[in-house]
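A.B. asks: What follows is a predicted protein model with its sequence.
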Protein chains: 2
Amino acid sequence: MTAVEGVEVNGRLAEISRVACRIFRERGYHATSMRTIAAALGWQAAALYYYFPGKEDLLFRIMDEAVDVLTDRVLAAIDPDAAPADRLRQAMGAHITAVADHLDELSVFLNEMKALSPPRRERIQEKRDRYERIFRDILADGIARGEIVAPDPRLAGLLILAACNWLYSWYRPDGAHTPEEIATAFSDMILSGLGRK
Amino acid sequence: MTAVEGVEVNGRLAEISRVACRIFRERGYHATSMRTIAAALGWQAAALYYYFPGKEDLLFRIMDEAVDVLTDRVLAAIDPDAAPADRLRQAMGAHITAVADHLDELSVFLNEMKALSPPRRERIQEKRDRYERIFRDILADGIARGEIVAPDPRLAGLLILAACNWLYSWYRPDGAHTPEEIATAFSDMILSGLGRK
């Protein structure tokens, strides 16, 4: 394969993922056939099978890219020298804007884990665990420095990830708030609490 | 139908819902056939169609019961004379224990909305909106009394519901915490915040 052909193949793979992802999100993975995806691309099914031998190969690529996007964005957003509360804001902001920017991909990632076969599910789960550890490490550091108060750090991590993940179910690009506004409001509430002091 | 026959039919309907719900949660609604549900019940498909003419009738019953269970439990748990922060704790506690007690039903309810045809989806959405309003009303009352601080009450409601709903994706009955412990920890964190004051 020449370099030009390689770029072209990557473009094709990205196009297929994008179209498949939209349909998986709308109908669910199991309800979507390769034929449907091919039709949405304006292709014959055989052309799609050339790039992805099976539907699960396509799902795996989507999941793998989704968890990589989340991880890359969050790691890029965190200033390692910032205070733990600020790193938490940076991480939540990056996660929330990633969900908003890649709504199809992240919805599929968060919902279709069970559709993967066990060995692939394990590989994605490992990456997901590593990703979630970024949040838990910030919390642990904040607690160690006395800047974060969380009697149960594991449940604190789950609360933060719940706020960030559940976004996929209600966020609309034409809604009342930008992802940045949502991230700021969620970080403020989680750090300050809703009760009058 | 005699009263005794009526009780028997209700028992059958509940049994079908329970079994269908477990399979819908495991495989997804679209990937589950009426034949699969009948087989899990040890029935012929025709017997299942006698009770539910179509798969969507079954899904609608599950969704309708799920939102009713949530609403009934939360309304029963709230002491209308309690302070807003306490009512918020009561509502979160009831929602979280409902998700834990009815994990199959609530997972299907939270995930399969899009599988319903539009008129039925609208009926469930109306009930869901009414349910979510319980939380927003508590927040609004707390803000009016100066006992709750939430610059954006709508986003505060979404944060609380995110924490409660996302439970379905990680809660395990054999996990480290009881639903009551999770509810207490989540309410404490949401009311007090994680940042050192």
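C.D. replies: Now that the structure is in, tell me what you want to look at.
A.B. asks: where does the spatially most central residue of chain A land in three-state SS?
C.D. replies: Nearest residue to the geometric centre of chain A (CA atoms, centre = their mean): A:L106, 4.1 Å. Under DSSP: H, G, I helix; E, B strand; the rest coil, A:L106 falls in the helix class.
A.B. asks: Looks like it contacts A:L70 (just checking).
C.D. replies: Yes. Counting by CB atoms under 8 Å, A:L106 touches A:L70, with 7.4 Å between them. Backbone N, C-alpha and C define where each C-beta goes, glycine included.
A.B. asks: what do those two both touch?
C.D. replies: Residues touching both A:L106 and A:L70 by CB atoms under 8 Å, 6 or more residues apart in numbering or on different chains: A:A98.
A.B. asks: For the longest helix along chain A, name the packing helices and strands.
C.D. replies: In terms of residue count, the longest helix belonging to chain A (DSSP state H) is helix A:118-144. Contacts defined by 3 or more CB pairs under 8 Å, 6 or more residues apart in numbering or on different chains; DSSP states H and E place helix A:118-144 against helix A:55-77, helix A:84-101, helix A:153-165.
A.B. asks: got these as TSV, with mean pLDDT and mean neighbour count columns?
C.D. replies: Listed next are the helices and strands packed on helix A:118-144 as TSV, based on pLDDT from 0 to 100; neighbours: other CB atoms under 10 Å in any protein chain shown:
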stretch	mean pLDDT	mean neighbour count
helix A:55-77	97	18
helix A:84-101	97	22
helix A:153-165	96	22
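A.B. asks: just so I know, which of the ones you listed lies nearest A:S187?
C.D. replies: Proximity to A:S187 (CB to CB) singles out helix A:84-101 among these, at 4.3 Å.
A.B. asks: Need the contact partners of that closest one.
C.D. replies: Outside helix A:84-101, the residues touching it (CB under 8 Å, 6+ apart) are A:69-70, A:73-74, A:76-80, A:82, A:106, A:134-135, A:138-139, A:141-142, A:145, A:147-148, A:160, A:163-165, A:167-168, A:171, A:173, A:179-180, A:182-184, A:186-187, A:190-191, B:194-195.
A.B. asks: Find the least confident helix or strand in chain A, judged by mean pLDDT.
C.D. replies: helix A:3-27 (a mean of 88; mean pLDDT, DSSP states H and E).
A.B. asks: Report whether that one contacts chain B.
C.D. replies: Yes. Shown here: helix A:3-27 in contact with chain B (CB under 8 Å from any CB of the partner chain) through A:E26, A:R27.
A.B. asks: For that helix, buried residues please.
C.D. replies: Buried residues in helix A:3-27, counted by 16 or more other CB atoms under 10 Å in any protein chain shown: A:I16, A:S17, A:V19, A:A20, A:C21, A:R22, A:I23, A:F24, A:R25, A:R27.
A.B. asks: Quick check: next helix or strand after it?
C.D. replies: helix A:34-41 (DSSP states H and E).
A.B. asks: quick one, that following helix and helix A:3-27 angle?
C.D. replies: 110 degrees (axes from the mean of the first three to the mean of the last three CA atoms, to 10 degrees).
A.B. asks: tell me the mean pLDDT for whichever helix or strand comes after helix A:34-41?
C.D. replies: Using DSSP H and E, the next helix or strand after helix A:34-41 towards the C-terminus is helix A:45-51. The average pLDDT within helix A:45-51 is 94.
A.B. asks: In terms of secondary structure, what does helix A:45-51 contact?
C.D. replies: helix A:3-27, helix A:34-41.
A.B. asks: between those helices, which one is nearest to A:D152?
C.D. replies: Among the helices and strands packed on helix A:45-51, helix A:3-27 sits nearest to A:D152 (CB to CB), with 33.1 Å.
A.B. asks: Now do that closest one: which elements does it pack against?
C.D. replies: So helix A:3-27, by 3+ CB pairs under 8 Å, 6+ apart, packs with helix A:34-41, helix A:45-51, helix A:55-77, helix A:103-111.
A.B. asks: thinking again about what came up before, can you add distance to B:I37 and give the buried residues of helix A:3-27 back as JSON lines?
C.D. replies: Formatted as JSON lines, the buried residues of helix A:3-27 follow (distance: CB to CB, whole Å):
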{"residue": "A:I16", "distance to B:I37": "33"}
{"residue": "A:S17", "distance to B:I37": "33"}
{"residue": "A:V19", "distance to B:I37": "32"}
{"residue": "A:A20", "distance to B:I37": "28"}
{"residue": "A:C21", "distance to B:I37": "29"}
{"residue": "A:R22", "distance to B:I37": "29"}
{"residue": "A:I23", "distance to B:I37": "25"}
{"residue": "A:F24", "distance to B:I37": "23"}
{"residue": "A:R25", "distance to B:I37": "25"}
{"residue": "A:R27", "distance to B:I37": "20"}
